[in-house]
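> need coordinates for the following:
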Amino acid sequence: MNKSDLANISLLMVEDDLTFSTMLSTWLRKKGFEVCTASSVGAAIKLLRQPEGNAPQLVLSDLRMPDHDGLYLLRWLRTQGMNTPFIIMTSYADVQNAVEAMKLGANDYISKPVQPDLLLQKIGDALSARTQCHTEGAASQPPVVGLPSAPAASSQPAPHATGHTATPPRHPGIEGHSSPARELYRLAALVAPTPMSVLIIGASGTGKEHVAHRIHELSNRANAPFVALDCGSLTKELAASELFGHKKGAFTGATADKVGAFEQASGGTLFLDEIGNLSYDVQVQLLRALQERRIRAVGGNEERPIDIRLVCATNENLPKAIAEGLFREDLYHRINEFTLHIPLLRERGTDIVEFANYFLAQANTELHRHITGFTPEAEAALMAYLWPGNLREMRNVIVRAALLAEQSSVITPLLLNLPGAGAPQTATPGVSLAIKPSPDEELARINQALQQTGGNKSRAAQLLGIDRKTLYNKLKGNR
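Residues are numbered from 1 along each chain as shown. The predicted structure is shown next:
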């Protein structure tokens, strides 16, 4: 489909980041699209229920939304018999959910930060395929898991990502073959078939959710939902609603019943990322739910039994938080029946080049490049760099290098453009907070990271292996 054919196409963007949504929708309108936006899955469903002539002709949805995720919306769309082209956006390299989306009938996926020209091409391809979908009819749609007609009235769980196969595929490119990697996944395979709760400890960007998903895939619950919830993004007011659900009218803005993460994950695995960021009050409610194996929705009177396997992750020093009265010790022991420590990327030796090739293969697909690999000098630069942002940073570096490569068939050190390349990085190895330091040592490392980054807190947090919110909390606590 030519770019001129895209004019006046109606497009629905489902995105809760209002700044990003405004910027991208403005750009799309300049390209001739008619764009409507929704900041939640519930709002998107209302727009999609319009008469056929008024309904959007394509959906561009973020993977993670405040009420449900993009996969939920995709399943709902297909259960309604709608062949509307669907493109998933995701902020990180999440191969499993991208593959799951394609299985459920998504036309494509695109990684953030979105490259406008690539997005335009994917939209054109999806719309070109629409005619073929109409011809083939509903019989051509992939099988979907049964869902209620709308999230507002949902009585069934909405999975974050479900494992439909008894023997899920492995993704060795993202796991590695170094000694630390083999030991990590050996222990994950050991604990997976048990009912034990697992606490995954690792710095930001090391792939904690991937490990959690691997545990789910190898467990007896693999065919049930895997639901992930980022506790770091939850306010104290919303956390209970996200975890346990709420009843209509329970608080201002509660215009419909909501199913919480515990019920969504029924029979499967609930993954609570950055659990150290939960407020003390919510920790009390979570502990009670785990002890009683029952939950009560906010504003509700009825208690419901729960059946979930709990996996949590953190980059916090939870024993230190316990000593400071910020985290409940009894909850810590509930979530920590088995511990997995994820090594930093710089500690994984030859895995670094393996991961780089994995991300390069992804970049070739996304950017329609044909880059064959890295020069020996580029591989040496990859191995020498300290990767404060771990896998997340590496993916961004590789995709950027692939974009800049243009006609080049290999990636060079110049294309990698690693920060401080060629400069000694002697002070940095001691900066990370991945190993639990004393309070005085922690403050010294934070100050050192801020000094090295010229006071840039986002870059300092990357250097320390923690997220920005955690850094702000630590700075506040040390005032």
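> how about low-confidence regions in the stretch 101-250 of the chain?
The stretch 101-250 of the chain contains residues with pLDDT under 70 at 130-174.
> and if you look at the stretch 251-400 of the chain?
For the stretch 251-400 of the chain, applying pLDDT under 70 flags no range at all.
> quick one: the helices in it?
261-264, 280-292, 318-323, 329-335, 351-367, 376-384, 390-405 (DSSP state H, counting those that start in this stretch).
> want to throw the ones you listed into CSV with mean neighbour count and distance to Leu443?
All C-beta atoms are positioned from the backbone trio N, CA, C, and that covers glycine. Listed next are the helices of the stretch 251-400 of the chain as CSV, based on neighbours: other C-beta atoms under 10 Å; distance: least, C-beta to C-beta, whole Å:
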stretch, mean neighbour count, distance to Leu443
helix 261-264, 25, 35
helix 280-292, 16, 23
helix 318-323, 16, 12
helix 329-335, 17, 23
helix 351-367, 19, 30
helix 376-384, 16, 29
helix 390-405, 20, 23
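> mind putting the ones you listed in TSV, distance to Gln50 included?
Converted to TSV, those look like this (distance: least, C-beta to C-beta, whole Å):
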stretch	distance to Gln50
helix 261-264	27
helix 280-292	38
helix 318-323	48
helix 329-335	44
helix 351-367	32
helix 376-384	50
helix 390-405	36
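> Asp307 is nearest to which of the ones you listed?
Proximity to Asp307 (C-beta to C-beta) singles out helix 261-264 among these, at 9.4 Å.
> which other helices and strands contact that closest one?
strand 225-230, helix 236-244 (3 or more C-beta pairs under 8 Å, 6 or more residues apart in numbering; DSSP states H and E).
> relative to Leu48, how far out is Ala55?
Look at Ala55 and Leu48: by C-beta to C-beta, to the nearest Å, they are 6 Å apart.
> ditto for Thr19
From Thr19 over to Leu48 the distance is 24 Å, taken as C-beta to C-beta.
> thinking again about what came up before, which one, of the helices and strands packed on helix 261-264, ends up nearest to Leu340?
In terms of C-beta to C-beta, the element of the helices and strands packed on helix 261-264 nearest to Leu340 is strand 225-230, at 16.1 Å.
> just checking, Val284 touches Arg328?
Yes. Contact criterion C-beta atoms under 8 Å: Val284 and Arg328 qualify, at 7.1 Å.
> what's near enough to touch the nearest residue to Gly276 once chain neighbours are set aside?
Excluding the flanking residues, the one nearest Gly276 by C-beta to C-beta, 6 or more residues apart in numbering is Glu316, at 3.3 Å. The contact partners of Glu316, taken as C-beta atoms under 8 Å, 6 or more residues apart in numbering, are Glu274, Gly276, Asn277, Phe327, Ile466, Thr470.
> ok, now which ones touch the fifth one?
Meaning Ile466. Residues near Ile466 by C-beta under 8 Å, 6+ apart: Ala203, Ser204, Asn315, Glu316, Leu433, Lys474.
> on the three-state scheme, the last one is what?
Three states are possible here, and by DSSP: H, G, I helix; E, B strand; the rest coil the one that applies to Lys474 is helix.
> coming back round to it: quick one, phi/psi of the residue nearest to Gly276?
Main-chain torsions, Glu316, degrees, to the nearest 10: phi -90, psi 160.
> next one: Met89
The phi/psi pair for Met89 (degrees, to the nearest 10) is phi -110, psi 140.
> any idea how far Leu118 is from it?
In this view, Met89 and Leu118 are 12 Å apart by C-beta to C-beta.
> isn't Cys36 right up against Leu47?
Yes. In this structure Cys36 lies within contact range of Leu47 using C-beta under 8 Å: 6.0 Å.
> who touches both of these two?
Leu12, Pro56.
> excluding covalently adjacent residues, which one is nearest to Asp257?
The shortest distance from Asp257 to any non-neighbouring residue, by C-beta to C-beta, 6+ apart, is to Lys248 (5.3 Å).
> give me every residue that touches that neighbour.
Ala254, Thr255, Ala256, Asp257, Gly299.
> hmm, Val41 and the third one touching each other?
The reference is to Ala256. No. Contact criterion C-beta under 8 Å: Ala256 and Val41 do not qualify, at 11.7 Å.
> nothing else from me, thank you.
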